[in-house]
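Trainee: Could you work out the structure for the sequence below:
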Amino acid sequence: MHGRVETLRNEGQSVIDFSIAISHFPAPRPVLDAVNAAVERQRIMPYTSVVGALDVRAHLAAKVRAENGVDASPDEIIVTNGAKQGLYEALYTMADPGDTVLVFKPHWPAYVATSQLLGLRPILADLPEEITPAFLDGLGQPDIVIINNPHNPTGKVYTRRELEYLCAWVARIGARVIVDESYEHLIFEGGHTSLAALCDWREIGVVTLFSASQSYAMMGWRVGFALAPAEVVNAMQTLQGPITAAAPHLSQVAASVAFATGAPRAMMADYRERRDLAARLFAEVPWIVMHAPASGPYLWGDVRSLTMDTVGFAEALLEEKSVAVMPGEALGVPGFIRLGYISDDVPTLREGFRRIIEFGEAFAAHEAADRR
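Mentor: As a prediction, this is how the structure comes out:
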């Protein structure tokens, strides 16, 4: 959908794009200063090791120890071109074609797409409000489990007890785990706990993915890293070498500084105001249920009382109101829409919400007339 919006904008059309979350904040000032200094200091940028420069990996390992409570060494860190590369490499190195991958839905589309690309078999399960041992016991014995914490798009933040249940379950069934913690600092309610802090992550085979994109408003910098057992990092490095080699030198400088800046408090205060505004504006709309999420840059709207065909809903909304949203079908759950709310200024945000509500009311009236 975001690609459609870019095409329309290039044709001269004005479109409000809620289909993706691109922060209106710049990268943190220390990041910009460090990159500028690196350019001035070293105008010829050398290649680094495929896994990333040693000093960068040492800084990232220190971040994981201090913030996430996970004992880690630089040999257990690989710097990647965003979290997607880490996901691809982790799945490639830990699974064989035909292996099963458990994905909770709604889901980030890349989990299923990457699994299918590698000849793996995604198993989709509805994400419950609470993870319990009984729920986990009913999921069979997947080879790989993907956990997204905090969760895109619902905003769910896993509790420590839920993660302890997950640790015990995967250890018992022998599954390996990929934990995507890209939104670790985008939490409004509750706190973030890393699954790797609660289990023998080396023995189980846990890969934890981190990204600067959302937590530090660095979407276009394309840099993240993975924490994994050393043998998995070595295998990921073998794969990464002939594909992209190392992440760009300046992106590594940026990552090293970004992940040392901690929680982005000013940005999160701004996001909270936007989230609360959306919750107020949609609260009295009868055809949508839009709760204020506990985390993340997205709103997750339930429009099942209006339609289950949210692809059709999104297409018509774009055509008639020039507003783009992500249909739930893309995330495995029809009848829902996902809205990124962090991109535009507040007046544009309000205008986009107004158009959605106006469109939905007309859509509901049309549906009611058809039933008569």
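Trainee: Okay, now the unreliable bits of this structure?
Mentor: Residue ranges of the chain with pLDDT under 70: 43-44, 368, 370-372.
Trainee: where along it do the strands fall?
Mentor: Shown for the chain, the strands assigned by DSSP state E span residues 16-17, 77-80, 100-105, 121-126, 144-148, 176-180, 206-211, 224-227, 289-290, 298-302, 323-324, 326-327, 336-340.
Trainee: Relative to the whole chain's centre, how far out is the second one?
Mentor: What that stands for is strand 77-80. Its chain's C-alpha centre and that of strand 77-80 lie 17 Å apart, by CA atoms, centre = their mean, to the nearest Å.
Trainee: for it, packing partners?
Mentor: If you count contacts as 3 or more CB pairs under 8 Å, 6 or more residues apart in numbering; DSSP states H and E, strand 77-80 packs onto helix 54-68, helix 82-94, strand 224-227, helix 230-243. Where C-beta positions appear, they are placed from N, C-alpha and C, glycine not excepted.
Trainee: Burial-wise, tell me which of the ones you listed comes out on top.
Mentor: By mean neighbour count, with neighbours taken as mean count of other CB atoms under 10 Å, strand 224-227 ranks first of these at a mean of 28.
Trainee: The strands of the chain into CSV, with extra columns for distance to residue 194?
Mentor: Below are the strands of the chain laid out as CSV (distance: least, CB to CB, whole Å):
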stretch, distance to residue 194
strand 16-17, 32
strand 77-80, 14
strand 100-105, 18
strand 121-126, 22
strand 144-148, 10
strand 176-180, 7
strand 206-211, 6
strand 224-227, 9
strand 289-290, 29
strand 298-302, 21
strand 323-324, 34
strand 326-327, 27
strand 336-340, 25
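Trainee: and the helix with the most length in the chain, what does it pack onto?
Mentor: For the chain, the longest helix by residue count, based on DSSP state H, is helix 346-371. For helix 346-371, the packing partners by 3+ CB pairs under 8 Å, 6+ apart come out as strand 16-17, helix 265-283, helix 310-321, strand 323-324.
Trainee: Can I get the longest one in CSV, CA atoms only?
Mentor: Translated: helix 265-283. Extracted in CSV, the C-alpha atoms of helix 265-283 (Å, rounded to 0.1, in the frame of the first residue of the first chain):
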residue,chain,number,x,y,z
ARG,A,265,11.5,10.1,26.1
ALA,A,266,10.6,13.2,24.1
MET,A,267,9.5,11.1,21.1
MET,A,268,7.4,8.8,23.2
ALA,A,269,5.7,11.8,24.9
ASP,A,270,4.7,13.0,21.5
TYR,A,271,3.5,9.6,20.4
ARG,A,272,1.5,9.2,23.6
GLU,A,273,-0.4,12.5,22.8
ARG,A,274,-1.1,11.3,19.3
ARG,A,275,-2.2,7.8,20.5
ASP,A,276,-4.6,9.4,23.0
LEU,A,277,-6.0,11.8,20.4
ALA,A,278,-6.8,8.9,18.1
ALA,A,279,-8.4,6.9,21.0
ARG,A,280,-10.6,9.9,21.8
LEU,A,281,-11.6,10.6,18.2
PHE,A,282,-12.6,7.0,17.5
ALA,A,283,-14.1,6.2,20.9
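Trainee: what's in contact with that helix?
Mentor: Contacts with helix 265-283, where a contact means CB atoms under 8 Å, 6 or more residues apart in numbering, come from 23, 25, 185-188, 217, 288, 290-293, 297, 299, 301, 339, 341-342, 346, 349-350, 353, 357.
Trainee: Next: the last one.
Mentor: Residues outside strand 323-324 that contact it (CB under 8 Å, 6+ apart): 1-2, 4-5, 15-19, 314, 317-318, 352, 355-356, 359.
Trainee: Farthest-apart pair in these, please.
Mentor: Pairwise distances across these (CB to CB) peak at 19.3 Å, for the pair 2 and 359.
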